[in-house]
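In: Okay, predicted coordinates and the sequence, questions at the end:
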Amino acid sequence: MERRRQRGFTLIELMVVVIIIGLLAAFVAPKIFHRVGESRITAAKNQMAALEDALDMFYVDTGRYPTTEEGLAVLNTKPENIKHWKGPYLKKKVPKDPWGNDYVYKSPGGDGRDYDIICYGADGQEGGEGDNADINSWE
């Protein structure tokens, strides 16, 4: 009786393939994740620019910027004590930053600015480097 030789991959061949895939992933993954961080920073800057435009429209209508206490919520919801409010100034509710945190709004801002909008980055804490660095509306 003749035995047929079965063809297939040996364990060694499979392990070599797995090692090659692992090495490729080790080189490619950090570059991909770095791009994700960059895209979130860009998204935060774009959202902050849209918030600035809405704040400027609020200013044109009311003659002032929202106070820190009023916050960015007045861009969507009319407070009773504000005359000439013609909002909502945003099509949707005030967005969260790309990491899911609220933007920090201060009025008046520092160094004589009318207001500051701050995103604390990935860690949601003031300060930091890289993806954790603060993103400020005035920079």
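Out: Received, thanks. Note that this is a predicted model, so its numbers are computed, not measured.

In: which stretches of this protein aren't confidently modelled?
Out: 1-6, 32-36 (pLDDT under 70).

In: For the most centrally placed residue in the chain, give its distance to residue 119.
Out: Taking C-alpha atoms, centre = their mean, the centroid of the chain lies closest to residue 98, which sits 2.3 Å from it. Per C-beta to C-beta, to the nearest Å, residue 98 is found 8 Å from residue 119. Placement of C-beta: from N, CA and C, glycine included.

In: Show me the helices in the protein, by range?
Out: Applying DSSP state H to the chain gives helices spanning 11-62.

In: any idea how far the residue nearest to the centre of the chain is from residue 120?
Out: Noted for residue 98: a distance of 12 Å to residue 120, by C-beta to C-beta.

In: same question, residue 134
Out: Plainly put, residue 134 is 6 Å away from residue 120 if you go by C-beta to C-beta.

In: who's more crowded, these two?
Out: Neighbour count, other C-beta atoms under 10 Å: between residue 134 and residue 120, residue 120 has more, with 21 against 16.

In: Pull up the gap between that one and residue 14, please.
Out: Between residue 120 and residue 14 the computed distance is 46 Å (C-beta to C-beta).

In: Tell me, how many residues neighbour the residue nearest to residue 118 when sequence neighbours are not counted?
Out: Once flanking residues are discounted, residue 118 sits nearest to residue 104: 4.1 Å by C-beta to C-beta, 6 or more residues apart in numbering. Residues near residue 104, counting by other C-beta under 10 Å, number 18.

In: Number the chain from 9, please
Out: All right, first residue 9 from here; so that's residue 112.

In: who's in contact with residue 112?
Out: Residues in contact with residue 112 (C-beta atoms under 8 Å, 6 or more residues apart in numbering) are 124, 125, 126, 127, 128.

In: residues near residue 101, how many?
Out: Other residues close to residue 101 by other C-beta under 10 Å number 12.
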